[in-house]
Structures are given as structure tokens and as C-alpha cells.
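Trainee: return a 3D structure for these sequence lines:
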Amino acid sequence: MQKPQDYPPLYWSPLAVAVPGFRAALLPGGRPSRGPHRPDPRYVHQPPGPTGRCDEDSLLNVMRGFSFALGARCQYCHVGGDGLSFEGVDWASDEDPDKRKARFMWAMVGDLKGTLAAMPDRDTPAVDIGCKTCHRGVPKPRLLTQEMRLALAEGSIEDAVARYRELRNGFLTDGAYDFGEWEVNTLAESLVDAGRHRDAIAIYELNREGHPTSGSILSALADAYLLVGDTTTAMSRLGIWLDLEPGNERVRGRLEALRSGGQSNP
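Mentor: Reported below is the predicted structural model:
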């Protein structure tokens with residue numbers, strides 16, 4: 001197959017032939033009507049191939065799917081323009097590294113679809129995958145604890161706490177991050193294992209804000225406070241737990257042991 005010389009080189013690669021939908025996914029969209037905020041219509045044509053030409057509506061829907069999956073506007077990958085409209089966007093440019101990454105990721109999705117097609121005993125209907133399977137509305141699909149660990153590594157425990165609050169305020173109901181109890185508990189547990197007991201306490205207390213009735217968090221907090229020699233606060237956390245579960249004799253026994261000056265077994 002010959003490469004037509006009148007098409008921008010950006011849109012022609014071996015992947016365009018190998019991966020179904022690849023060519024359509026990398027071409028910028030636009031409605032039939034032209035104007036200052038629409039791309040040059042020559043960029044909505046495919047080179048000849050087994051699927052023929054890509055109509056503009058189908059192309060626009062693919063691009064909108066990318067945008068929704070990443071929670072990003074077109075200029076996340078396309079350079080130029082004011083970030084709000086299409087005016088000034090250089091659709092043919094491959095300058096932005098995020099556009100090159102998008103090409104690679106789209107090819108990866110095609111590879112994964114092919115791999116899953118060969119899965120033995122696959123469900124019917126089969127579970128499909130796409131960009132949103134991982135991204136869920138964010139450009140970089142990190143776990144909540146990965147975001148917090150990055151903030152901690154680059155700053156302090158206060159930065160990790162601030163990052164959690166920022167993400168919780170922005171994404172609590174969006175499904176982009178797991179704000180369940182155990183996602184954050186695992187971060188605190190790793191800090192305890194690393195001997196960073198006060199940092200672990202900060203994370204457990206943060207997690208308790210979202211899960212105030214969790215016995216596992218209150219128990220872990222009692223243990224962590226004992227590790228830093230703060231028996232009074234450890235007893236306070238056990239007392240809260242006992243108020244929530246007055247019939248829990250194990251918690252009552254731990255609390256009574258601390259009040260009598262003895263050891264509290266987890």
C-alpha cells in the first residue's frame with residue numbers, strides 16, 4: 001500500500017493498518033460545517049484501506065470518547081489554540097508528547113483486545129476494555145495511594161494528606177479513585193512497617209474522617225499511638241470503638257488492660 005503524499009505524515013503508520021480503528025482514532029474531528037473553530041477538512045479523510053473513509057461524525061465520537069475517558073480537552077494532546085476553542089489548534093502537529101503517548105496507548109488497547117479474545121472460557125457477553133477502563137476520567141490513571149506516595153516522596157506527610165483531600169473533594173463521586181477504607185489503610189500499614197509511626201497515625205486519622213465507624217482504623221490507631229508512647233490517645237480511640245460496639249468484649253478487655261497499666265493485646 002502506497003503512502004499518499006497529500007496526507008500529513010502524522011496519520012500514516014504501520015499501526016494504522018495493524019490496529020482496527022487506529023487511523024480513525026488519531027484523526028481530529030469536525031462537523032461538516034466549516035468555520036474558524038473547525039479543523040481543516042482534509043484531516044478527516046483516511047488514506048485508502050480496508051475500512052474505506054472515516055466519516056466525520058464517527059471520528060468526532062472517537063475523539064470525544066478519548067476526551068471523556070481522560071477528563072481532558074482536545075488541547076491535552078493537540079498543540080496551539082487558547083485551550084477553550086478550536087481556534088489556532090495545529091491538528092497536524094505531532095509536537096506534544098502526549099499525542100505520541102496516545103498513539104502508543106491506543107495501539108496497546110488493540111493488542112489487549114486481541115489477547116483477551118483468545119482467553120479460554122471467556123464470559124458471554126465478554127467484558128470489553130477501552131481507555132476509560134483504566135483512566136476513569138483522569139489523564140494519568142494512578143491509584144489514590146500512588147498519588148499520596150508521590151506527594152509524600154516529593155514533600156511531607158502534610159503534602160500527602162493535602163493530596164488526599166484535593167482528590168476527595170474533586171473526585172469522590174466520579175469513580176476515578178478508590179476512597180474505600182482499605183485503600184488508604186494499606187498506605188498507613190506500610191508506614192508502620194517502615195518505622196514511620198507518626199506519619200502512619202496522620203494517615204489513619206485522615207482515613208477515619210471518611211470512615212468514622214471503622215473498628216479496624218480505630219484499632220490500628222490505638223496500636224500506632226502505643227508505638228509512640230501515647231497511651232492516653234490510644235485509650236481514647238479504643239473508647240470510641242467500644243462506644244460503637246458496646247458488646248465487643250475484646251475491645252473492652254484491651255481498654256481495661258491499659259487503664260490498669262497493663263499491656264493491651266491487639
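Trainee: contacting residues around the most centrally placed residue in the chain?
Mentor: The structure's the chain has its C-alpha centroid closest to residue 141; by CA atoms, centre = their mean the separation is 3.0 Å. Listed by CB atoms under 8 Å, 6 or more residues apart in numbering, the contact set of residue 141 reads 134, 135. Where C-beta positions appear, they are placed from N, C-alpha and C, glycine not excepted.
Trainee: number of residues surrounding the nearest residue to residue 127 once chain neighbours are set aside?
Mentor: Distances taken as CB to CB, 6 or more residues apart in numbering place residue 116 nearest to residue 127, at 8.0 Å, with adjacent residues excluded. For residue 116, the count of nearby residues is 13 (other CB atoms under 10 Å).
Trainee: what residues of the helix or strand hosting residue 116 count as buried?
Mentor: Here residue 116, judged by DSSP states H and E, is contained in helix 97-117. By 16 or more other CB atoms under 10 Å, the buried positions in helix 97-117 come out as 98, 99, 102, 103, 105, 106, 107, 109, 110, 113.
Trainee: make JSON lines out of those and add distance to residue 189 and pLDDT.
Mentor: Listed next are these as JSON lines, based on distance: CB to CB, whole Å; pLDDT from 0 to 100:
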{"residue": "98", "distance to residue 189": "35", "pLDDT": "92"}
{"residue": "99", "distance to residue 189": "40", "pLDDT": "90"}
{"residue": "102", "distance to residue 189": "36", "pLDDT": "88"}
{"residue": "103", "distance to residue 189": "39", "pLDDT": "86"}
{"residue": "105", "distance to residue 189": "32", "pLDDT": "90"}
{"residue": "106", "distance to residue 189": "37", "pLDDT": "86"}
{"residue": "107", "distance to residue 189": "37", "pLDDT": "88"}
{"residue": "109", "distance to residue 189": "34", "pLDDT": "90"}
{"residue": "110", "distance to residue 189": "38", "pLDDT": "89"}
{"residue": "113", "distance to residue 189": "36", "pLDDT": "90"}
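Trainee: what is the nearest of these to residue 133?
Mentor: Nearest to residue 133 among those is residue 109, at 8.6 Å by CB to CB.
Trainee: who are the contact partners of the closest one?
Mentor: By CB under 8 Å, 6+ apart, residue 109 lies in contact with 129, 130, 131.
Trainee: against residue 200, how distant is it?
Mentor: Applying CB to CB, to the nearest Å, the value for residue 109 to residue 200 is 38 Å.
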